[in-house]
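Student: model this:
(one chain, ligands or ions: 4)
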Amino acid sequence: MGTQTRWLGARATAIRVGSDWNCYESTTTTRTRRSFSLCCRWSPLTTLASSMPYEKELAAAKKAATLAARLCQKVQKALLQSDVHSKSDKSPVTVADYGSQVLVSLILERELPSELFSLVAEEDSGDLRKESGQDTLKCITELVNNTLANEGSHSFSTLTTDDVLKAIDNGKSEGGPVGRHWVLDPIDGTKGFVRGDQYAIALALLHEGKVVLGVLACPNLPLATIGRNQQNSSSNEVGCVFFAKVGDGTYMQALDGSTQTRVNVSAVDNPEEASFFESYEAAHSSHDLSSTIAEKLGVKAPPVRIDSQAKYGALSRGDGAIYLRFPHKGYREKIWDHAAGCIVVSEAGGIVSDAAGNPLDFSKGKFLDVDTGIIVTNQNLMPSLLRAVKESLNEKASSL
Ligand SMILES: Nc1ncnc2c1ncn2[C@@H]1O[C@H](COP(=O)(O)O)[C@@H](OP(=O)(O)O)[C@H]1O
Ligand SMILES: [Mg+2]
Ligand SMILES: [Mg+2]
Ligand SMILES: [Mg+2]
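Tutor: Ligands and ions are numbered 1, 2, ... in the order given. I've put the predicted structure just below:
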């Protein structure tokens, strides 16, 4: 197809590909795609980015999350080999949290230069700007530079501590219902990371308040099934990346990029054959309430307790059929703890809702306003799960 260019004024350019016109607005610092309804037509088929919606964004997100996972693996290995995790010193964890955020921020900016960049991320640079944070800042800078050099990302020149602070501060966006916002949890499941258990790098893209793509890198999650069928696993290889974009299904591949497969949630409709996930940490979700719900529903298997959004990943490939999350009173859920997991499960055929059956609303800024808790399962089990949740919550309320 031929391409023509037409100048529409000082700041906008229309580019013709075939019979469709696409508009690009340029300023000295940013270039933003805009639809000009009067002078030309916007067609997703002819975006310069790609002929498939969010394809380029997904590729960038996978690259970013995978590189961040490499950094985290390195730190977790060093952490477990030292005796630091048995002390109260949390600095190695902090270094990995920040380092992961820096890498994701840099890679997204580098890979998607034409986007107005908005990132809602968990960490901020406040502590690193203090006198007491200078050693940690140097450590993060070295770690990020080493990771970029080892992974062959020669397009980055050596970063200074200022570059690192800036990359962390890229994550200051508040999100919201308008435009595009990346959502990042640089290490989800920090407690699991320190124990040497499960954790995830969770990255999602919101567009007009909806999650349109998500990537979950789970460096310690076995490629084979976990939970009920774990004993039948033929492989003990670990490291999975789950990814999904709206309307396109969910896929899993090994962290090294091999063996990509499409995944689907379990189709089980008999709760007696279902197993359920919950947080390893009882402080994050009421184990008592989950146990009451599971019993009411007729679930026979004991809970599978793992940290992080690896639970969403495992559920998306059918390792278990239910995820129950009931934080204790007063806790407010954050969007980065669920955005990537939510699309990974829903594109695999599952349903994610609050305890009243409402879909999660990611358009309200950093927080999710959920009714009581979050429940996840397949289409078959959701009606009876909702009933069991309602009954259990009513019983709990009347016993207080
Ligand atoms: N009191 C609490 N109740 C519920 N969730 C909590 C919590 N305190 C922390 N969390 C969140 O639980 C996440 C981990 O979830 P899980 O229990 O599924 O592993 C944490 O993510 P981070 O580890 O990124 O801080 C944190 O955001
Ligand atoms: Mg988290
Ligand atoms: Mg985190
Ligand atoms: Mg945290």
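Student: all helices for the stretch 1-150 of the chain, in order.
Tutor: Along the stretch 1-150 of the chain, the segments classed as helices by DSSP state H, counting those that start in this stretch run 55-81, 91-111, 134-150.
Student: Show me how far the last one is from its chain's centre.
Tutor: The gap between the average C-alpha position of helix 134-150 and the chain average comes to 23 Å, counting by C-alpha atoms, centre = their mean, to the nearest Å.
Student: before we move on, what about the longest one?
Tutor: Centroid displacement of helix 55-81 relative to its chain, using C-alpha atoms, centre = their mean, is 12 Å.
Student: That helix packs against which elements?
Tutor: helix 91-111, helix 134-150, strand 180-188, helix 190-195, strand 200-207, strand 210-222, strand 238-245 (3 or more C-beta pairs under 8 Å, 6 or more residues apart in numbering; DSSP states H and E). The way it works is simple: take the backbone N, C-alpha and C, and place the C-beta from them, glycine included.
Student: picking up where we left off before, of the helices of the stretch 1-150 of the chain, flag the one that's most buried.
Tutor: helix 91-111 (a mean of 24; mean count of other C-beta atoms under 10 Å).
Student: right, is that one up against ligand 1?
Tutor: No: Helix 91-111 lies out of reach of ligand 1 by C-beta under 6 Å from any ligand atom, never closer than 7.9 Å.
Student: burial of the residue of the stretch 251-400 of the chain found nearest ligand 3, as a residue count?
Tutor: Per C-beta to the ion, W336 is where the stretch 251-400 of the chain lies closest to ligand 3, at 7.1 Å. The burial count assigned to W336 is 25, neighbours taken as other C-beta atoms under 10 Å.
Student: Over to D288?
Tutor: D288: 11 neighbours (other C-beta under 10 Å).
Student: any idea how far ligand 2 is from it?
Tutor: 23 Å (C-beta to the ion, to the nearest Å).
Student: List the residues that contact the residue sitting nearest the centre point of the chain.
Tutor: Most central in the chain under C-alpha atoms, centre = their mean is A202, positioned 2.5 Å from the mean C-alpha point. The contact partners of A202, taken as C-beta atoms under 8 Å, 6 or more residues apart in numbering, are 65, 184-185, 188, 214-216, 308-309, 336-337, 339-341.
Student: Just the buried subset of the residues you listed, written out for PyMOL, thanks.
Tutor: Buried residues among the contacts of A202 (16 or more other C-beta atoms under 10 Å), as a PyMOL selection:
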select buried, resi 65+184+185+188+214+215+216+308+309+336+337+339+340+341
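Student: Make a markdown table from the contacts of A202 and add pLDDT and distance to S258 to it.
Tutor: As requested, the contacts of A202 are exported to a markdown table (pLDDT from 0 to 100; distance: C-beta to C-beta, whole Å):
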| residue | pLDDT | distance to S258 |
| --- | --- | --- |
| A65 | 98 | 16 |
| L184 | 98 | 25 |
| D185 | 98 | 25 |
| D188 | 97 | 24 |
| G214 | 98 | 21 |
| V215 | 99 | 17 |
| L216 | 98 | 17 |
| S308 | 98 | 23 |
| Q309 | 98 | 22 |
| W336 | 98 | 28 |
| D337 | 98 | 29 |
| A339 | 98 | 27 |
| A340 | 99 | 21 |
| G341 | 99 | 23 |
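Student: mind putting the contacts of A202 in TSV, distance to D361 included?
Tutor: Converted to TSV, the contacts of A202 look like this (distance: C-beta to C-beta, whole Å):
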residue	distance to D361
A65	24
L184	19
D185	18
D188	20
G214	16
V215	21
L216	20
S308	22
Q309	18
W336	15
D337	14
A339	11
A340	16
G341	15
